[in-house]
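> please work out how this folds:
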Amino acid sequence: MRTFRQICKAILIVWLVFGGTCCLILAAPFIVQEDVLYSMVPECSRQARYGLRCPLCGMTRSFVLVSSGRFAEARDLNPYALYVYAAFLWNGVSAVAFVLVEATFKEGRGLTGIVRQK
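Numbering: from 1, shown residues only. Here you go, the predicted model:
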């Protein structure tokens, strides 16, 4: 049987991995050229098969547009893009802030001290 502390540690690890992934997703438009980024994303199978847009259709292009400050165009491609981008940004910044605070102010333990603490 898992203890409450073990469950909390597992949730923390999952959240930090997700937060790091959010940071990578948001950094991609600044690191990778647009055409290369678009070529790495597969075509939506729902749109290809049935001609119907899914809730994530246009999200990649919208994220690239938001990253370059073109908010109206991003909203036109996918109306949820700005909300998802904001949620990813908030989550990524929160995870980075948590790591920095833990590494700086918790007696020098850093994340290894949190995860391995008994």
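> contact partners of whichever strand or helix holds Gln47?
Assigned by DSSP states H and E, Gln47 belongs to helix 45-50. Identification of contacts with helix 45-50 by CB atoms under 8 Å, 6 or more residues apart in numbering yields 52-54, 57. To be clear about C-beta, it is placed using only N, CA and C from the backbone, and glycine gets the same treatment.
> ok, which pair from these is furthest apart?
Greatest spatial distance among the contacts of helix 45-50 (CB to CB): Leu52 and Cys57, at 8.8 Å.
> what separation do you get for Val64 and Ala86?
16 Å (CB to CB, to the nearest Å).
> looking at these two, which has the bigger crowd around it?
Between Val64 and Ala86, counted using other CB atoms under 10 Å, the more crowded position is Val64 (21 against 11).
> local confidence estimate at that one?
At Val64, the predicted lDDT confidence score is 93.
> I'd say it and Glu34 touch.
Yes. The criterion here is CB atoms under 8 Å, and Val64 meets it with Glu34 at 5.7 Å.
> who's in contact with the most centrally placed residue in the chain?
The chain has Cys22 as the residue nearest its centroid, 1.7 Å off, counting by CA atoms, centre = their mean. Contacts for Cys22 (CB under 8 Å, 6+ apart) come out as 88-89, 91-92, 95.
> for burial, what's the neighbour tally of the residue lying closest to Arg53 once chain neighbours are set aside?
The shortest distance from Arg53 to any non-neighbouring residue, by CB to CB, 6 or more residues apart in numbering, is to Gln47 (5.8 Å). Look at Gln47: counted by other CB under 10 Å, it has 13 neighbours.
> next, find the distance separating Gln47 from Gly58.
10 Å.
> quick one on the thing from earlier: could you dump the contacts of helix 45-50 to JSON lines with neighbour count?
Converted to JSON lines, the contacts of helix 45-50 look like this (neighbours: other CB atoms under 10 Å):
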{"residue": "Leu52", "neighbour count": "9"}
{"residue": "Arg53", "neighbour count": "12"}
{"residue": "Cys54", "neighbour count": "12"}
{"residue": "Cys57", "neighbour count": "16"}
